[in-house]
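Trainee: return atomic coordinates for the entry below.
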Amino acid sequence: MESKNKKITLDEVKKIAGLARIEISPEEAEKFSGELSDVLGYVDQLGEVDTEGVELISRADGLVNVVREDVKKNFDEEMRQELVERAGDKKDGYVKVKSVM
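Mentor: Below you'll find the model as predicted:
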């Protein structure tokens with residue numbers, strides 16, 4: 001399907017490839033120019049669909065997120081020490097965890 005809309009130029013394809021740090025040949029740039037233009041044409045077609053009265057949904061499968069209130073639980077010192085003792089790695093009375101970074 002040829003897009004009726006603005007065609008993505010070779011320069012735009014090269015710029016996008018550069019931003020993505022992808023090396024592409026001139027032949028690939030030509031191919032992607034057409035393919036990206038077609039994709040944008042399909043997106044434009046979606047804008048023509050009448051969605052009046054269609055309920056907004058965030059998931060198609062109907063599942064809902066079940067959340068609970070984040071409530072701090074108070075532990076007495078004896079309970080805290082017991083939990084720390086049960087932990088694998090500990091240091092200075094605290095549970096030692098692996099670094100995130």
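Trainee: how many neighbours does Phe32 have?
Mentor: Phe32 has 20 neighbouring residues, counting by other C-beta atoms under 10 Å. C-beta coordinates here come from the backbone N, C-alpha and C atoms, glycine included.
Trainee: so what does the residue in the chain sticking out farthest from the centre have for phi and psi?
Mentor: Distance from the C-alpha centroid of the chain, by C-alpha atoms, centre = their mean, peaks at Glu78 (42.6 Å). Here is the backbone geometry of Glu78 (degrees, to the nearest 10): phi -60, psi -40.
Trainee: which neighbouring elements make contact with whatever helix or strand Ser37 lives in?
Mentor: For Ser37, the host element (DSSP states H and E) is helix 26-47. Contacts defined by 3 or more C-beta pairs under 8 Å, 6 or more residues apart in numbering; DSSP states H and E place helix 26-47 against helix 10-19.
Trainee: what is the mean pLDDT for the helix it packs on?
Mentor: The pLDDT scores in helix 10-19 average 95.
Trainee: just the CA trace of that helix, in PDB.
Mentor: Written as PDB, here are the backbone C-alpha positions of helix 10-19 (Å, rounded to 0.1, in the frame of the first residue of the first chain):
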ATOM      1  CA  LEU A  10      16.000   9.200   2.700                       C
ATOM      2  CA  ASP A  11      17.500  11.900   4.900                       C
ATOM      3  CA  GLU A  12      14.900  11.300   7.600                       C
ATOM      4  CA  VAL A  13      15.600   7.500   7.400                       C
ATOM      5  CA  LYS A  14      19.300   8.200   7.700                       C
ATOM      6  CA  LYS A  15      18.700  10.500  10.700                       C
ATOM      7  CA  ILE A  16      16.500   7.900  12.400                       C
ATOM      8  CA  ALA A  17      19.100   5.200  11.800                       C
ATOM      9  CA  GLY A  18      21.800   7.500  13.200                       C
ATOM     10  CA  LEU A  19      19.700   8.200  16.300                       C
END
